[in-house]
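S.K.: test case, fold it:
(chains A and B)
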Amino acid sequence: MKQKRDRLNDESRLSRFTTHVVLIFASFLAFGPFVWMFLTSIKTYEETIQIPMKFLPEIPQWVNYSIVSDKLNFPQLYLNTILVTIMMIVGQILIVTICAYAFDRLNFPGKNVLFMGMLALMMVPGQIFIIPRFKLMVNLGLTNTLVGLVLPGLFNIFGVFLMRQFFSTLPRELDEAARIDGCSYFRTYWNVLLPLVKPGLTTLAILGMLNTWKDLMWPLINNSQADKMTLAAGLAMLIGEHTTYYEQVMAGGVIAVLPLIVLFVIFQRQFVEGIAHSGIKG
Amino acid sequence: MKNQARHFSRLRRAEMRTAYIFILPMFAGLLLFSVIPFIQNILYSFRRMGTFGEGTFIGLKNYQDLLTDDTFWLALRNTAFYAVVGVPLVIIFSIFLAHQINKKIRGRTIYRTLLFIPAVTIPAAIGILWRWILNYQYGIFNWILEKLGLPRISWLGDVKYVRWAIILVVVWSMVSYYVIIMLAAMQGVDSSYYEAARLDGASSRQVFFKITLPMLTPMIFFSVIMVTIGILQIFDFIYLMVDRQTLSYTYSMSLVTYFYECAFNKSSMRGYGAAISVVLAAIIMVITIIQMIGKKYWVRSGE
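M.R.: Numbering: from 1, shown residues only, chains lettered A, B, ... in the order given. Next comes the predicted model:
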């Protein structure tokens, strides 16, 4: 009996060792590039192209950060990105949750047809809308505006499915009690049910934020003026103009990723739950 | 009695009216920004159209031109290559890593944080970073290859290798995201299955293949669909990593990249761009439907 347990222990120790090796290697692959980005960002130009390769700079060149900030107005880009994110999240929460509430709690003719219609529309890849949306923005005078970046993304169908699922977990007795107390449908939704689906709202906010920060094509198309760009589009411009000076480009990269990484480390649980929820089916 | 019925139907009507008001903002937005654009885009694909104006109707000419357009076929082949190579790699690596991280070992929080970071980083930054890593002369990737006794490769400049460079970065960034999703699914598996298997003396390999994997199939199915759709629409990394003036840009071009170039960078091909987007949408829908049909042959159905 003891022998058997020892064998098991050895086996599990070995497998634990392999697991560590695998995970250390994978973590290195995942995070190593960012370390390299940082190290490059504090080198001199000569150090970045030195052969044989130098891993650490002689003297950290923090000046690269101010040089790249002269070429790209990062405070402005950040402000734009944050404003777009806030408008997107607030707008989505208002538009999406009330629609989800109606689909979960209220009865109306055409409900199923409209729901299937949304499902079908969700399956259509986004490129098909882009040319007409851009023409619409031109007509509305919304090119080179932050509102123009937000508007097409506000009507998040996935968000409706997600929030509907969260609403459906709440007992119907809540609605009835609220109705007996004389709440209107709107107050039932706003004061009673919405506060109870906070995890859903967090998920919606985190996914909205990730998608807004990641989007590149629409900002490139709609906003060509440097002072109306988001971080992603700004970085794309940086690579177009200053490709030779990688220490500057990498400094720009660090400025762009560091806040999000810090945010992720602090709110890791919320981020992970949010992303995990993007895996549930509507 | 009659009064009551009338009262009841008045309530019904109030409920109905409220519901329509509640869904109005969403559906007005969808109509304006999705349904009408969808129809317009299809109409545009029948037109010769430049940056301004509505152009002229040319019937199916754009679609006919696509058939003989070498760049279009190249973009189609590239996109197929990205999907065929990328999707299995993303799925296999993310299951494998999620399985490792799901074990109760020391330091898993740190591993998890490090592994998840690419998933929350903006692709624009990832693109410029890998462009530097894969640099022919000064990139650290080639330095490592050389240390291993392998030849230096111009990853982003050589038309033979550029697609592999793109795939590398796509897989790298997507695996991170899908590890999170797979891990959540693994943690959702009822632990009584595992306890029962342990009691029966199953090895950890058996547990993985006989329990974890089958229980995971619904999430794997969902991920296959999402990863396929994502990779078929790949744009960012190509746009950011490959020099747009070089031949390797053409040789790494995806359908979406070609769509973007036609619709927004060439002055007179917006209608042609619209046609490309219609073809892409059709391809994605057909593939998704095929995957949905195939579902019943390998996905474990719900309880």
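
S.K.: skipping its backbone neighbours, what lies nearest the most centrally placed residue in chain A in space?
M.R.: Centroid check for chain A by Cα atoms, centre = their mean gives A:Leu210 as the closest residue, at 0.3 Å. Nearest residue to A:Leu210 in three dimensions, chain neighbours excluded: B:Val120, at 6.6 Å (Cβ to Cβ, 6 or more residues apart in numbering or on different chains). Where C-beta positions appear, they are placed from N, C-alpha and C, glycine not excepted.

S.K.: against B:Val279, how distant is that neighbour?
M.R.: In this view, B:Val120 and B:Val279 are 33 Å apart by Cβ to Cβ, to the nearest Å.

S.K.: who has more neighbours, those two?
M.R.: Shown here are B:Val120 and B:Val279; by other Cβ atoms under 10 Å in any protein chain shown, B:Val120 has more neighbours (26 against 18).

S.K.: residues in contact with the more buried one?
M.R.: For B:Val120, the contacting residues are A:210, A:260-261, A:264, A:271, by Cβ atoms under 8 Å, 6 or more residues apart in numbering or on different chains.

S.K.: how close does it get to A:Trp213?
M.R.: From B:Val120 over to A:Trp213 (counting by Cβ to Cβ), the distance is 9 Å.

S.K.: report the mean per-residue pLDDT for the host helix or strand of B:Ala125.
M.R.: B:Ala125 belongs to helix B:123-133 when assigned by DSSP states H and E. Taken as a whole, helix B:123-133 has a mean pLDDT of 93.

S.K.: I'd like to know which elements that helix is packed against.
M.R.: In terms of contacts (3 or more Cβ pairs under 8 Å, 6 or more residues apart in numbering or on different chains; DSSP states H and E), helix B:123-133 is packed against helix A:2-41, helix A:231-241, helix A:246-266, helix B:162-187, helix B:236-241.

S.K.: list the buried residues in it.
M.R.: Within helix B:123-133, the residues scored as buried using 16 or more other Cβ atoms under 10 Å in any protein chain shown are B:123-133.

S.K.: test my guess that A:Phe166 contacts A:Lys198.
M.R.: No - if you go by Cβ atoms under 8 Å, A:Phe166 and A:Lys198 don't touch, sitting 9.2 Å apart.

S.K.: more crowded one of the two?
M.R.: Between A:Phe166 and A:Lys198, A:Phe166 has the larger neighbour count (other Cβ under 10 Å), namely 21 against 10.

S.K.: can you tell me the element the more buried one falls in?
M.R.: helix A:157-168.

S.K.: for that helix, packing partners?
M.R.: Helix A:157-168 packs on helix A:74-105, helix A:111-122, helix A:198-214, going by 3+ Cβ pairs under 8 Å, 6+ apart.

S.K.: nearest to B:Gly107, out of these?
M.R.: helix A:198-214 (25.5 Å; Cβ to Cβ).

S.K.: what mean pLDDT does that closest one get?
M.R.: 91.

S.K.: ok so, going back, who touches both of B:Val120 and A:Trp213?
M.R.: A:Leu260.

S.K.: and A:Val262, how many neighbours does it have?
M.R.: Counted with other Cβ under 10 Å, A:Val262 comes out at 10.

S.K.: give me the domain ranges for chain A.
M.R.: A:2-63, A:72-241 (automatic domain parsing).

S.K.: right, so those: which one is the most enclosed?
M.R.: Comparing the domains of chain A by mean neighbour count (mean count of other Cβ atoms under 10 Å in any protein chain shown), domain A:72-241 ranks first with a mean of 19.

S.K.: from the chain's centre, how far out does that one sit?
M.R.: Relative to its chain's centre, domain A:72-241 lies at 12 Å (Cα atoms, centre = their mean, to the nearest Å).

S.K.: anything in the helix or strand in which B:His99 is found near chain A?
M.R.: Using DSSP H and E, the element containing B:His99 is helix B:70-101. Yes - judged by Cβ under 8 Å from any Cβ of the partner chain, helix B:70-101 comes into contact with chain A at B:97, B:100-101.

S.K.: quick one on the thing from earlier: output the helices and strands packed on helix B:123-133 as TSV; include the columns distance to B:Leu156.
M.R.: Listed next are those as TSV, based on distance: least, Cβ to Cβ, whole Å:
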stretch	distance to B:Leu156
helix A:2-41	15
helix A:231-241	12
helix A:246-266	13
helix B:162-187	6
helix B:236-241	6
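
S.K.: between those, which one is closest to B:Tyr251.
M.R.: So among those, helix B:162-187 is nearest, using Cβ to Cβ, at 5.9 Å.

S.K.: I appreciate the help and will end here.
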